[in-house]
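*Asks:* Sequence and predicted model, in that order:
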Amino acid sequence: MQREDQLNNAALMARRDAAVARGVGHSHAIFIDRGENAEVWDVEGRRYLDFAGGIAVLNTGHRHPAVVEAVKAQLERYTHTCFQVLAYEPYVELAERLNAMAPGDFAKKSLFLTTGAEAVENAVKIARAYTRRSAVIAFSGGYHGRTLMTLGLTGKVAPYKSGFGPFPAEVFHAAFPNALRGVTVDAAIASVEAILRNDVEASRVAAVIVEPVQGEGGFHVAPPEFLKRLRALCDAHGMLLIADEVQTGAGRTGTFFAMEQSGVAADITTLAKSLAGGLPLAAVVGRAEVMDAPGPGGLGGTYAGNPLACAAALAVLKVFDDERLLERARAVGAKLTQGLDAIAAKHRAIGEVRGLGAMIAIELFKDGDPGRPDAELAKAVLAEAARRGLILLACGTWGNVIRLLVPLTASDAQLDEGLAILAASFDALA
Ligand SMILES: Cc1ncc(COP(=O)(O)O)c(C=O)c1O
C-alpha cells in the first residue's frame, strides 16, 4: 500500500482496528499529523482546538518551545543510562525542586517513574514498607490506573475493571463527597469510619488514598473540610495519607499541587501527566522518613525517571515561573466557568458546571434531573464538537461529564473559540 493512500483518518482507523487490540479504546476517529500549543492538525490537514490535552498531559501545550529545546539539548548528550546504574543530575535537580514545592513543612524525598499507575503502585509499596501494614482505603468513583493494584484501588467497574479480577486483597472503598448526590462530608467520613469498624482494624491500614479532585470519576472536588478530617483520621490511627495528584497536579487547578488549596499536607503525593509537558514521567514525593522505608533496590525501574523526561519536567517548571501559569490557570478556570455557565443557562441538560482552577467540567442530565445521567448526549456533544473542530473528552461514573483540559498556554481567543464551538454543538443537538 502507498503511504499517501493511508493518510486519511478512515483508512488509518481501519488499519488500527485490524492491528491494535480493541481494548485500547479511542475517543475520536482522528489521526494527528502535528500539534502546536492548543491546536492540532489531523492527517487530512484539518485543524482542531485541543481541549483534551492527551488526558491532562499538556498543561504547557503541545511542543512548548522551552520543553522542545530542553529535550533536544538532552538528546545531544545522553538519552538513557538507567538512574540506578549511572546517575544524572536532572533527576536529582527535579527531586530537589519537587521536594521544596510539595505541601508540608517537613523534609521530603522523591522518586521518578514512568506512568501515573506506576507512581500509585510505588506509593502503596512505600506506605506498606513504612507502616508495616497492608490495607488501603480508597474511594468510590476514584481512578488510580490500569495495573492490577491500581485497578483494585479504582472505584469504577466499567470499562476499567471488567474481566480483570481478582484484584489485590485488603483494598476498601469509602464514599467520596458529592453534594449533587447528597453525599455530605459527614457521610463520606462516616463511611471511612464504618470501614474501620466493619471491615478492617485501623492498625492494619497502611494508607488512605484520595484524589483532591476526582478526575476520571467526573471532576468532583474534595471539600477542604473533608481532606482536613481525613488527615485527622489518618493521624489518629497512624495511617498515611496519599494524595493522588496524577491528574490534578502540575498546576491544573491553579496551584502546583491541588492539595495546597485545602491546607492539608499528604504524607505521599503522586504526580505524572503534565509534569513533563508531554513526555512520560511520574513522581512520588513524600516525607523523607516514609520514602526511605524501602531498602536500596526496592524501588526504581529500567526507564524510570528517563533523562529526556526529567529535562522536560525542569523546563515545564521554568515555563510555569516565566509565564506565570498558576495565575493563568485560575484565569482560564474563571473564563471557562463563565462561558460554561452561559451555555448552561440556555440548556437544561447541563445540570452542573464545576471544578477547581482550570480543571472544569459540565455534567449532563436528561431534563436536568440528576437521577438521569445523559451519557448519550455527552457522546453526541463530543462528536458534534469534533466535527466543528474542538477535541473534548468525557468522564464520570456514568460517562455523562464533559471535561475541559485545555492547555494553560491557550490564548483567550482560543478559549472563546472553543466555548463558541461547544455552545454551537449544544444548540445543534437541542
Ligand atoms: C488520578 C489518577 N491517578 C492515576 C492515573 C493513572 O495514570 P497513567 O494513565 O499514567 O498510568 C490517572 C490517569 O488518568 C489518574 O487520573
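*Replies:* The structure has been received and is ready for your questions.

*Asks:* contacting residues around whichever residue of the stretch 251-400 of the chain sits closest to the ligand?
*Replies:* Relative to the ligand, the nearest point of the stretch 251-400 of the chain is residue 272 (4.8 Å; CB to the nearest ligand atom). All C-beta spots, glycine's among them, are computed from the backbone N, C-alpha and C. Residue 272 sits next to 113, 115-116, 119, 246, 249, 281-283 when contact means CB atoms under 8 Å, 6 or more residues apart in numbering.

*Asks:* same thing with residue 34?
*Replies:* 40-41.

*Asks:* If any of the contacts of residue 272 are buried, give me the PyMOL selection for them.
*Replies:* Only the buried entries of the contacts of residue 272 go into this PyMOL selection, using 16 or more other CB atoms under 10 Å:
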select buried, resi 113+115+116+119+246+249+281+282+283
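
*Asks:* who's the nearest residue to residue 398 once chain neighbours are set aside bridged to?
*Replies:* Closest residue in space to residue 398, ignoring its immediate chain neighbours: residue 373 at 3.5 Å, by CB to CB, 6 or more residues apart in numbering. Per DSSP bridges, the residues bridged to residue 373 are residue 365.

*Asks:* isn't residue 373 right up against residue 364?
*Replies:* Yes - at 7.2 Å, residue 373 counts as touching residue 364 under the criterion of CB atoms under 8 Å.

*Asks:* joint contacts of the two?
*Replies:* In contact with both residue 373 and residue 364: residue 400, using CB under 8 Å, 6+ apart.

*Asks:* For the ligand, tell me which of the contacts of residue 272 show up nearby.
*Replies:* Among the contacts of residue 272, proximity to the ligand is found for 115-116, 246 (CB under 6 Å from any ligand atom).

*Asks:* Next, format those residues as CSV and append distance to residue 156 and secondary structure.
*Replies:* What follows is these, written out as CSV (distance: CB to CB, whole Å; DSSP: H, G, I helix; E, B strand; the rest coil):
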residue, distance to residue 156, secondary structure
115, 18, coil
116, 15, helix
246, 15, coil
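
*Asks:* Let me have those in TSV, adding pLDDT as columns.
*Replies:* Below are those laid out as TSV (pLDDT from 0 to 100):
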residue	pLDDT
115	98
116	98
246	98
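
*Asks:* which ones are touching the residue of the chain found nearest the ligand?
*Replies:* Residue nearest to the ligand within the chain (CB to the nearest ligand atom): residue 116, separated by 2.2 Å. Counting by CB under 8 Å, 6+ apart, residue 116 touches 144-145, 244, 246-247, 270, 272-273, 282.

*Asks:* near the ligand at all, stretch 57-73?
*Replies:* No - for a cut-off given as CB under 6 Å from any ligand atom, stretch 57-73 has no contacts with the ligand; the smallest distance is 8.5 Å.

*Asks:* Format the CA atom coordinates belonging to that stretch as PDB.
*Replies:* Extracted C-alpha coordinates of stretch 57-73, given in PDB (Å, rounded to 0.1, in the frame of the first residue of the first chain):
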ATOM      1  CA  VAL A  57      -0.900  15.900  30.000                       C
ATOM      2  CA  LEU A  58      -0.500  19.200  28.100                       C
ATOM      3  CA  ASN A  59      -0.900  22.000  30.700                       C
ATOM      4  CA  THR A  60       2.000  23.700  28.800                       C
ATOM      5  CA  GLY A  61       0.500  22.800  25.400                       C
ATOM      6  CA  HIS A  62       1.800  20.700  22.500                       C
ATOM      7  CA  ARG A  63       5.500  21.100  22.000                       C
ATOM      8  CA  HIS A  64       6.200  24.100  24.200                       C
ATOM      9  CA  PRO A  65       9.300  25.700  22.700                       C
ATOM     10  CA  ALA A  66      11.100  25.600  26.000                       C
ATOM     11  CA  VAL A  67      10.300  21.900  26.500                       C
ATOM     12  CA  VAL A  68      11.400  21.100  22.900                       C
ATOM     13  CA  GLU A  69      14.700  22.900  23.400                       C
ATOM     14  CA  ALA A  70      15.400  21.200  26.700                       C
ATOM     15  CA  VAL A  71      14.700  17.800  25.300                       C
ATOM     16  CA  LYS A  72      16.800  18.500  22.200                       C
ATOM     17  CA  ALA A  73      19.700  19.600  24.400                       C
END
